[in-house]
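Chemist: fold the following, please.
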Amino acid sequence: MNEMLLHDSIIDNDAEKKQEEKVVVYNEDKSQTYYLEDLDLNKGRLETKTEVIHHEAVAAVEEVSHYEVIAEYPNGGKDVEKVIDKPGQEGKAAYDETVEYQVYIPYTETDIRLMEIEEELAEMKNKLAETDYQAIKYLEGWYTFEAYAPIRENRENWRYNIRVLEKERAILNGESYEEPVHATLHLNNLVPTVIEEEIEDNAEVEA
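Modeler: Here you go, the predicted model:
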């Protein structure tokens, strides 16, 4: 029976310890608290903030005590014990303490869309970078016009999507957006017009 009670006590103490170790996070106005492990960080972000806490001065308090006899001996000796009637307290000056705390800020629909746009932009730009060598090979005569045509079409679609996404991002961020101006390259008619457009558009995206 005693062993069972001891075992239950250990389990309860461990549970209390784990509860104390949980990290507490607040909402923006600190009206609510959460445990960090319960939050979905795919739906919000954590932000570290600071707060200044003012501690008032503490006046010193003198200890008040008396002694009580706890034992007397035939020879007249006595054992006494000090009894504290009023604990003493050390005085402290007023001071300010800066503490850090974490705030959980749920993502808005705009936040989520902006993150999606960044992922889509990265994907489109990566596809362009991966096919740059094919544009160069065509320029050098390694691809025929017919063989390169579908590659060029894909690259045009990716560049168009990049411009659309960049415009949407600017609007969501409340920024102005200007359509990019195509650079004009003079190649002395040594390569087809299709290559001139390819190089111009690629230079525009990289800029």
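
Chemist: residues contacting residue 137?
Modeler: Shown in contact with residue 137 (Cβ atoms under 8 Å, 6 or more residues apart in numbering): residue 143. Glycine gets a C-beta too; all of them are placed from N, C-alpha and C.

Chemist: er, residue 96 actually
Modeler: Residue 96 sits in contact with 52, 53, 54, 55, where contact means Cβ under 8 Å, 6+ apart.

Chemist: helix or strand for it, which one?
Modeler: strand 95-106 (DSSP states H and E).

Chemist: related to what we said a few turns ago, between the contacts of residue 96, which is nearest residue 131?
Modeler: residue 52 (55.2 Å; Cβ to Cβ).

Chemist: just the ones of the contacts of residue 96 in strands?
Modeler: Among these, the ones falling in strands (DSSP state E) are 52, 53, 54, 55.

Chemist: I'd like the domain boundaries of this structure, if you could list them.
Modeler: Listed by automatic domain parsing, the domain ranges of the chain are 1-52+99-106, 58-91, 109-206.

Chemist: distance of residue 52 from residue 100?
Modeler: According to Cβ to Cβ, to the nearest Å, residue 52 and residue 100 sit 11 Å apart.

Chemist: now the element after the helix or strand encompassing residue 126, going C-ward?
Modeler: Assigned by DSSP H and E, residue 126 belongs to helix 109-139. Once the chain leaves helix 109-139, the next helix or strand it forms, by DSSP H and E, is helix 145-172.

Chemist: that next one packs against which elements?
Modeler: With contacts taken as 3 or more Cβ pairs under 8 Å, 6 or more residues apart in numbering; DSSP states H and E, helix 145-172 sits against helix 109-139, helix 193-206.

Chemist: least confident of the ones you listed, on average?
Modeler: Among these, helix 193-206 carries the lowest mean pLDDT, at a mean of 46.

Chemist: quick one: low-confidence parts of this protein?
Modeler: Along the chain, segments meeting pLDDT under 70 span 1-20, 181-207.

Chemist: looking at the contacts of residue 96, which is nearest residue 176?
Modeler: Nearest to residue 176 among those, with distances taken as Cβ to Cβ, is residue 52, at 38.7 Å.

Chemist: please save the CA atoms from stretch 161-180 in PDB.
Modeler: Taking C-alpha atoms only, stretch 161-180 is exported to PDB below (Å, rounded to 0.1, in the frame of the first residue of the first chain):
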ATOM      1  CA  ASN A 161       3.700  34.500 -64.200                       C
ATOM      2  CA  ILE A 162       6.600  36.200 -62.400                       C
ATOM      3  CA  ARG A 163       5.300  39.700 -63.500                       C
ATOM      4  CA  VAL A 164       1.800  38.800 -62.500                       C
ATOM      5  CA  LEU A 165       2.900  37.600 -59.100                       C
ATOM      6  CA  GLU A 166       5.200  40.600 -58.500                       C
ATOM      7  CA  LYS A 167       2.300  42.900 -59.300                       C
ATOM      8  CA  GLU A 168       0.000  41.100 -56.900                       C
ATOM      9  CA  ARG A 169       2.700  41.200 -54.200                       C
ATOM     10  CA  ALA A 170       3.100  44.900 -54.600                       C
ATOM     11  CA  ILE A 171      -0.700  45.500 -54.400                       C
ATOM     12  CA  LEU A 172      -1.000  43.400 -51.200                       C
ATOM     13  CA  ASN A 173       1.900  45.300 -49.700                       C
ATOM     14  CA  GLY A 174       0.400  48.600 -50.600                       C
ATOM     15  CA  GLU A 175       3.300  49.400 -52.900                       C
ATOM     16  CA  SER A 176       3.200  51.000 -56.400                       C
ATOM     17  CA  TYR A 177       4.000  48.700 -59.300                       C
ATOM     18  CA  GLU A 178       5.400  49.600 -62.700                       C
ATOM     19  CA  GLU A 179       5.500  47.200 -65.600                       C
ATOM     20  CA  PRO A 180       9.100  46.400 -66.400                       C
END
